[in-house]
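Engineer: one predicted model, sequence on top.
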Amino acid sequence: MLSIYEQVLGSAFLELHPRIQQRFGMSSSSNTASIGSGVMKLIWHNKLVNLPLLAGATRHIMFPHSGTNVPFSIENYAYRDQYGRETVTWIRKFQFPRKVRHFDATMIFSGEHGGIVDYLGNKQHMAVDLALSVSDKKGIKFHSKQQRFYEGLLQFRIPDYFTGAAEVHEWYDDDEGCYKITVDVRHPWLGPIFRYKGSFQAAFIEIKPGSEPIGIRPIREERRE
């Protein structure tokens, strides 16, 4: 089975660096997980959005912390969720001096939207459509598009002027022998509101279907896309 990223990129997937193809080629049938660890050289946030970031932190969506040389880990597992959708986890942890912060997501392939939907947080109450492309470094880029909010019976599209636009770029640096990543979130009025950049190594482990560790799957899976 093709990974959700290969389904979207098509033949362009082969333009990615082989190490990036390995990380983004996992599917529910590959029985493989990617476990990474490294250091974020810089994590920064705009203090004007402290309260929204603090509220998001309780659901593992960004956080109001800044720092340098922050230890970091990332866990990517591919599986089919309870609605049968091909899913990949993004469990990110940042070890600050007094607290571990989380920034979690689950990405699914949506036939309805014809692409990838990124559910942010551990309760999937925010859904973001993603555009994918291959960068000039043979890395993969994600650009956020339309965003929607789900909470109980409440469901609505979030106006663009209330949200930040995110760009994520991951590539492999042959000279340094590691994966590198940059994340940049900008607001149309406030400018940059959250960003980080750093590097990590990734190991690929074999797993049995349905044997993901506790805490990998979100607390709630949302069927609205």
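Structural biologist: Thanks, I have the structure now.
Engineer: give the next helix or strand downstream of the one helix or strand in the chain whose mean pLDDT sits lowest.
Structural biologist: Using mean pLDDT, DSSP states H and E, helix 50-57 stands out as the lowest-scoring helix or strand of the chain, at a mean of 56. Following helix 50-57 in sequence order, the next helix or strand is strand 67-80 (DSSP states H and E).
Engineer: give the buried residues for that following strand.
Structural biologist: 67, 70, 72, 74, 75, 76, 77, 78, 79, 80 (16 or more other CB atoms under 10 Å). No exception for glycine: its C-beta is placed from N, CA and C like everyone else's.
Engineer: and what of stretch 99-111?
Structural biologist: So, applying 16+ other CB under 10 Å, buried residues of stretch 99-111: 101, 102, 103, 104, 105, 106, 107, 108, 109, 110.
Engineer: in TSV, list these along with distance to residue 36 and secondary structure.
Structural biologist: Formatted as TSV, the buried residues of stretch 99-111 follow (distance: CB to CB, whole Å; DSSP: H, G, I helix; E, B strand; the rest coil):
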residue	distance to residue 36	secondary structure
101	17	strand
102	15	strand
103	14	strand
104	14	strand
105	15	strand
106	17	strand
107	16	strand
108	21	strand
109	22	strand
110	26	strand
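Engineer: my guess is residue 198 contacts residue 72. True?
Structural biologist: Yes - between residue 198 and residue 72 a contact is recorded at 6.0 Å, counting by CB atoms under 8 Å.
Engineer: give the intersection of the neighbour lists for those two.
Structural biologist: 38, 39, 40 (CB atoms under 8 Å, 6 or more residues apart in numbering).
Engineer: ok, of the residues you listed, which come out buried?
Structural biologist: Buried, going by 16+ other CB under 10 Å: 38, 40, out of these.
Engineer: where does the prediction get shaky in this structure?
Structural biologist: Within the chain, the segments meeting pLDDT under 70 span 50-58, 161.
Engineer: which of the buried residues of stretch 99-111 sits closest to residue 186?
Structural biologist: residue 103 (16.5 Å; CB to CB).
Engineer: where's the closest one relative to residue 166, distance?
Structural biologist: 11 Å (CB to CB, to the nearest Å).
Engineer: the strands in the protein, which residues?
Structural biologist: 32-45, 67-80, 86-95, 100-110, 115-120, 126-134, 140-151, 154-158, 165-173, 178-187, 191-206 (DSSP state E).
Engineer: residue 11: which of these is closest?
Structural biologist: Using CB to CB, the nearest of these to residue 11 is strand 126-134, at 10.5 Å.
Engineer: which outside residues touch the closest one?
Structural biologist: Against strand 126-134 from outside (CB under 8 Å, 6+ apart): 5, 8-9, 12, 15-16, 61, 107, 113, 115-120, 140-150, 158, 166, 222, 224-225.
Engineer: how about the buried residues of stretch 99-111 in TSV, adding distance to residue 33?
Structural biologist: Formatted as TSV, the buried residues of stretch 99-111 follow (distance: CB to CB, whole Å):
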residue	distance to residue 33
101	22
102	18
103	18
104	15
105	16
106	14
107	14
108	17
109	18
110	22
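Engineer: from the residues you listed, which is closest to residue 211?
Structural biologist: The closest of the buried residues of stretch 99-111, once distances to residue 211 are taken by CB to CB, is residue 106, at 17.1 Å.
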